[in-house]
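> Sequence and predicted structure, then a few things I'm wondering about:
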Amino acid sequence: MNKSKMNLILHPVRIKIVQSLLNGKEMTVQQLGERTKDVPQATLYRHLNKLLEAKIIQVVKENQIRGTIEKVYALNEPSVQSQEDFLKLTSEEHLELFMNFTTQLMGMYESYLQNDEADLVKDGVSYAVANVHLSDSEFMELVKGIAELLQNAMLNEPSPERKGRNIATIVIPDKKP
């Protein structure tokens with residue numbers, strides 16, 4: 001994804017539209033309007049058109065309703081069905097998927113912060129970067145250990161004592177000298 005596309009998405013109204021369409025969701029203007037109640041309809045249409053022109057979203061259906069055509073929108077994201085598909089993606093497609101991932105995280109964090117009972121310390125909210133130096137085998141051991149811990153935690157059933165928590169992982173190697 002080029003820089004101008006990223007800058008286009010990073011507008012408050014457009015980021016809400018993109019967040020609403022994450023995870024394969026399809027929505028009409030009316031449905032998007034319900035999620036962006038503070039945005040006037042004309043403004044919503046203007047931002048939808050900018051996202052359409054940039055090919056960030058697409059019209060996936062058109063429904064005929066009483067003489068008018070209702071458009072259904074979805075993200076225009078690369079389809080990844082397997083590791084093989086993932087490895088075939090271009091750099092731009094990887095950036096698009098990464099942008100969708102980080103946009104989803106931003107939406108989750110924004111939603112959390114809007115909760116009147118949010119307590120960052122008590123809830124254990126954190127974000128950090130740790131630069132580590134590991135051999136390939138040490139790295140694989142670390143990843144395996146983290147994966148095992150997460151898989152075990154994901155088996156926990158919800159209960160009054162347990163709070164749902166989202167843990168995201170991103171691994172980016174240093175640029176080679």
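Here it is on my side, so go on.

> Please count neighbours and contacts with C-alpha atoms only from this point.
Fine.

> For Q19, list the residues it contacts.
N100, T103, Q104, G107 (C-alpha atoms under 8 Å, 6 or more residues apart in numbering).

> what do you get for V39?
V39 sits next to V13, G33 when contact means C-alpha under 8 Å, 6+ apart.

> which SS class is it?
Per DSSP: H, G, I helix; E, B strand; the rest coil, the local secondary structure of V39 is coil.

> Please report the distance of it from V121.
In this view, V39 and V121 are 33 Å apart by C-alpha to C-alpha, to the nearest Å.

> R35 too?
29 Å.

> So which of the two has more stuff around it?
Of the pair R35 and V121, R35 is the one with more neighbours under other C-alpha atoms under 10 Å, namely 14 against 8.

> What is the burial count for the residue nearest to the more buried one when sequence neighbours are not counted?
Across the structure, with C-alpha to C-alpha, 6 or more residues apart in numbering as the measure, the residue nearest R35 apart from its sequence neighbours is S20 (7.4 Å). As a burial measure, the neighbour count of S20 was computed by other C-alpha under 10 Å and equals 21.

> And S20, how close does it get to I69?
Here the distance between S20 and I69 works out to 21 Å (C-alpha to C-alpha).

> Hmm, the residue nearest to R35 is touching L32, no?
Yes - here S20 reaches L32: they are 7.1 Å apart, a contact under C-alpha atoms under 8 Å.

> what about N115, neighbour count?
Neighbourhood size, N115 [other C-alpha under 10 Å]: 9.

> three-state assignment of it?
Following three-state DSSP, N115 is assigned to coil.

> Now do it against Q83, distance only.
Taking C-alpha to C-alpha as the measure, N115 and Q83 are separated by 37 Å.

> what's the next secondary structure element after the least confident helix or strand in the chain by mean pLDDT?
The helix or strand of the chain with the poorest confidence is helix 3-9; it has a mean of 72 (mean pLDDT, DSSP states H and E). Per DSSP states H and E, the first helix or strand lying C-terminal to helix 3-9 is helix 12-20.
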